[in-house]
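Asker: Model the structure of this input:
(chains A and B)
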Amino acid sequence: MKKNSVVLLTAAIFLIPFMVISGCSKKDTVKKQLTLYTWAEMFPQEILDGFEKDTGIAINYVNFEEDETMLTKLQTAKGGDYDLIIADDYIIETAIAEGLVQKLDKSKLSNYRNINPLYQGPFYDPRDEYTVPYGAGVVTLVYDPSRVSVNIRGYADLWDPSLKGQVGLLGNYRVINGMALKVLKQSYNTNDTAVIRQAGERLLGLAPNIRLIRDDFLEEELLSGEIAAAVMYTSQATAAKLENPELEVVFPTEGIGFGIMGSFIPSKAPNAEAAYAFLNYILDARRGAECFEYLGYYSTYTASDPLISDEYKSFLTLPAGFNVNMEMIQNIGEEAEEEHSRIWTAFRTAAGQQ
Amino acid sequence: MNKQGFLKKGYVAVILVLMYVPILIVIIYSFNTSRLSSAWSGFSLRWYGELFRDRALFNALRNSLVLSLSSSSLAAIIGTLGAVGTERTADARSLRARTGKILEYLSLLPIMIPEIILGMVLLVFFSLLALPLGMFTLIIAHTCFCIPYVYMVVKARLAGLDKSYVEAAKDLGAGDWRAFYDITLPLILPAIVSGMLIAFAMSFDDVIVSVFVTGPDTNTLPIRIFSQIKTGVTPKTNALCTLLFAATVILCLASAALGKSRSNNRGI
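Answerer: Predicted structure coming up:
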């Protein structure tokens, strides 16, 4: 027995360098490779497979879990290492400001015209030089009409006393504080701390109605009846609506906040050509429609809108004649940011959600 | 007496239920047709099909296995050497004994400082050395926080070891190396293996340190699963958990069976 274990240990020692080498040398063997850096599950497997088959470019799909992590890695790599990144709007503004993003050569994107103009010229890229939008998230109000007696038309209705202990909220403080700002007819991005403080006081009135505040699985709580109304992310609203078509999705009358996920090519991408090929591949109307159905975010390509199947249409495309006041959440000043986090803490404490 | 037996059994049952019901639910819902886990909408193998088509996921799984095997093996070697080394200085009331004590505290640092700081510090360190981020940096980082687990377990085992075994071996003419190889090593081997197992588990499910030191080619499984929060965790992850759980159970049963036949042999 003793001898055996010694042999095993020796084998393990010899195995390690081999593993290290095999782990490292992979990089050189694959030349035609696209390093795609974004969250997991952003594309249907068919699209990824189809791209590899049609172009012969292998996709190396790597993930980050937070935008800030992505920025750190990109800074460390000085704009290299990754070929195509998809991330949230506000972080792209920072990445562009730091010179980590390259300008797009639109002649390489024959499907560029498919993009919905509504999502063009955003604050992070006002002249559309750097990014292509991939999916938009709208902060959505969803409720179960069978369990709610009020007719919810806007954020202000969430304050209704009949909803005591029945409301679920997502955990992004800019979104939730912004909800109170909207009720006060203010901008999401106000830098006026007095206004933010006022919103904070308004928000405290909502506390008794709050059942839970969390970012994940909100849709499941709504479906199981744990909560009757919720402010949630688009993908969650889509999942909930698919499961229970009776649920009502509301575009709040006060105006809605939305965010765009943007795709961009880092300044020193090792294989920018592959990134262009992939961007153009998903910008195709039909493939775009497949992607958005899978992703559950609003379609950012006008050409894809008519191709989205009826089952999904009502919550992946904006209704015709859509004229609710839309505003994107942007980076704000430091003082305003501090005030936001202060009123958020006070609200969470009052709602018993520490 | 009887009542006490009932209490004991009840207690064990409650603990077992608390531990295994969540896993059972994960397994059951891996066979759910629906994407959501709040409603059961029929039996299907759909998610297993999707799992096997997802090459990025298997890539991540492979990376994770290579990473945790390598870092726990390296940690086993370094941790064992460290434990044996500091143990030797332990009983001498000398300057060396004190350095040994200091070294011991220092070696436990990687698990005492918050992971997020460890990750950031390592990232800064690697970029200072201009080391390309990837499997190599991942292995270094993971080995770093795996060493203390092996070290602590082996050290505890060494402390409980009767020194006269080694002394007897030396009396009979064995050198330092021979005494270590023939006496100490076989005696502490169970501790090394169990320390290595803890290290493996720690490395296999680490997200925070990995996120900082991973490179453009090395996605690990925990990073991938964690990054699904944005788009929603699908039962594909349940399916993967089920398979990993099954593999673990099979390994445990196999090792138990091996141990049994071995002890039978020894009995004869």
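Asker: separation between the residue of the stretch 1-150 of chain B found nearest chain A and A:Phe278?
Answerer: The stretch 1-150 of chain B approaches chain A most closely through B:Met135 (3.4 Å), counting by CB to the nearest CB. Using the backbone N, CA and C atoms, a C-beta is placed for each residue, glycine as well. To A:Phe278, B:Met135 is 25 Å away according to CB to CB, to the nearest Å.
Asker: before we move on, back to that, thinking the residue of the stretch 1-150 of chain B closest to chain A is in contact with B:Thr218, fair?
Answerer: Yes. Between B:Met135 and B:Thr218 there is a contact at 5.2 Å, judged by CB atoms under 8 Å.
Asker: which one of the two has more residues nearby?
Answerer: B:Thr218 (28 against 25; other CB atoms under 10 Å in any protein chain shown).
Asker: Let me know the pLDDT of that one.
Answerer: pLDDT for B:Thr218: 89.
Asker: Next, the contact list for it, please.
Answerer: A:Gly23, A:Val62, B:Asn63, B:Leu67, B:Gly134, B:Met135, B:Leu138 (CB atoms under 8 Å, 6 or more residues apart in numbering or on different chains).
Asker: Which element, helix or strand, includes B:Ala75?
Answerer: Using DSSP states H and E, B:Ala75 sits in helix B:55-90.
Asker: List the buried residues of that helix.
Answerer: B:56-57, B:59-61, B:63-64, B:66-80, B:82-84, B:86-87, B:89 (16 or more other CB atoms under 10 Å in any protein chain shown).
Asker: Stretch A:278-289 now?
Answerer: A:Phe278, A:Leu279, A:Asn280, A:Tyr281, A:Ile282, A:Leu283, A:Asp284, A:Ala285, A:Arg287, A:Gly288, A:Ala289.
Asker: Strands along the stretch 251-354 of chain A, start to end?
Answerer: Assigned by DSSP state E, counting those that start in this stretch, the strands in the stretch 251-354 of chain A fall at A:256-264, A:326-328.
Asker: got those as CSV, with distance to A:Met232, mean pLDDT and mean neighbour count columns?
Answerer: Formatted as CSV, those follow (distance: least, CB to CB, whole Å; pLDDT from 0 to 100; neighbours: other CB atoms under 10 Å in any protein chain shown):
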stretch, distance to A:Met232, mean pLDDT, mean neighbour count
strand A:256-264, 13, 88, 23
strand A:326-328, 17, 82, 16
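Asker: A:Tyr281 and A:Leu84: what is the separation?
Answerer: 11 Å.
Asker: no wait, B:Ile188
Answerer: To A:Leu84, B:Ile188 is 50 Å away according to CB to CB.
Asker: Might you enumerate the residues of the stretch 151-300 of chain A proximal to chain B?
Answerer: Taking CB under 8 Å from any CB of the partner chain as the contact definition, the stretch 151-300 of chain A meets chain B at A:215-216, A:219-220, A:223-224, A:235-236, A:239, A:242-243, A:295-296.
Asker: please redo it, this time with the cut-off set to 10 Å
Answerer: Proximity of the stretch 151-300 of chain A to chain B (CB under 10 Å from any CB of the partner chain) is limited to residues A:215-217, A:219-226, A:233, A:235-236, A:238-240, A:242-244, A:261, A:270, A:294-297.
Asker: Filter these down to just the ones in strands.
Answerer: Among those, the members found in strands (DSSP state E) are A:Met261.
Asker: Buried among the residues of the stretch 151-300 of chain A next to chain B? Make that a ChimeraX selection.
Answerer: With 16+ other CB under 10 Å as the criterion, this ChimeraX line picks the buried residues out of those:
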select /A:217,219,220,221,222,223,226,233,235,236,238,239,240,242,243,244,261,270,294,295,296,297
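Asker: Out of the residues of the stretch 151-300 of chain A next to chain B, which sit inside helices?
Answerer: Using DSSP state H, the subset of these located in helices is A:219-224, A:235-236, A:238-240, A:242-243, A:294-295.
Asker: Of these, which is the nearest to A:Trp159?
Answerer: A:Trp159 lies nearest to A:Leu222 out of these, by CB to CB, at 18.9 Å.
Asker: Run a quick check on the closest one versus A:Ala240, I expect a contact.
Answerer: Yes. Using CB atoms under 10 Å, A:Leu222 is in contact with A:Ala240, at 5.4 Å.
Asker: so what's in contact with these two at the same time?
Answerer: A:Val142, A:Asp144, A:Ala230, A:Met232, A:Leu247, B:Ser38 (CB atoms under 10 Å, 6 or more residues apart in numbering or on different chains).
Asker: how many neighbours does the fifth one have?
Answerer: Just to be clear, that refers to A:Leu247. Count around A:Leu247 with other CB under 10 Å applied: 20.
Asker: before we move on, what about the one 3 residues further on?
Answerer: Residues within reach of A:Val250, counting by other CB under 10 Å, total 19.
Asker: contacting residues around it?
Answerer: Residues near A:Val250 by CB under 10 Å, 6+ apart: A:140-143, A:151-155, A:157, A:229, A:231, A:237, A:256.
Asker: what's the distance between the helix or strand encompassing B:Ile223 and the middle of its chain?
Answerer: In this structure, B:Ile223 sits in helix B:221-226 according to DSSP H and E. The chain centroid and the centroid of helix B:221-226 are separated by 17 Å, computed with CA atoms, centre = their mean, to the nearest Å.
Asker: Give the next helix or strand downstream of that helix.
Answerer: Taking DSSP H and E, what comes next after helix B:221-226 is helix B:235-267.
Asker: chain center to the helix or strand bottoming out on mean pLDDT in chain B: distance?
Answerer: Among the helices and strands of chain B, helix B:95-112 carries the lowest confidence by mean pLDDT, DSSP states H and E, at a mean of 78. Averaging C-alpha positions (CA atoms, centre = their mean) puts helix B:95-112 22 Å from its chain's average.
Asker: What lies in contact with the helix or strand just after that helix?
Answerer: Later in the chain than helix B:95-112, the nearest helix or strand by DSSP H and E is helix B:115-128. Helix B:115-128 is contacted by residues A:72-73, A:75-78, B:109-114, B:131-134, B:136-138, B:140-142, B:144-145, B:206-215 when judged by CB under 10 Å, 6+ apart.
Asker: Report the angle between helix B:115-128 and helix B:95-112.
Answerer: Interaxial angle of helix B:115-128 relative to helix B:95-112 (axes from the mean of the first three to the mean of the last three CA atoms, to 10 degrees): 100 degrees.
Asker: What are the buried residues along the next helix or strand after helix B:115-128?
Answerer: Following helix B:115-128 in sequence order, the next helix or strand is helix B:135-159 (DSSP H and E). For helix B:135-159, the neighbour count (16+ other CB under 10 Å) marks B:135-155, B:157-158 as buried.
Asker: Show me what helix B:135-159 is packed against.
Answerer: Other elements packing on helix B:135-159 under the criterion 3 or more CB pairs under 10 Å, 6 or more residues apart in numbering or on different chains; DSSP states H and E are helix A:2-24, helix B:55-90, helix B:95-112, helix B:115-128, helix B:185-204, helix B:208-213.
Asker: average pLDDT for stretch B:183-195?
Answerer: For stretch B:183-195, mean pLDDT rounds to 91.
Asker: where does the stretch 1-150 of chain B have low pLDDT?
Answerer: Filtered on pLDDT under 70, the stretch 1-150 of chain B yields the residue ranges B:1, B:37-38, B:90-96.
Asker: One more pass at 50, please.
Answerer: Within the stretch 1-150 of chain B, not a single segment meets pLDDT under 50.
Asker: circling back to that earlier point, distance to A:Ala95 added to the helices and strands packed on helix B:135-159, as TSV?
Answerer: Below are the helices and strands packed on helix B:135-159 laid out as TSV (distance: least, CB to CB, whole Å):
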stretch	distance to A:Ala95
helix A:2-24	28
helix B:55-90	23
helix B:95-112	32
helix B:115-128	18
helix B:185-204	31
helix B:208-213	18
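Asker: I'd like the average pLDDT over stretch A:110-121.
Answerer: In this model, stretch A:110-121 has a mean pLDDT of 90.
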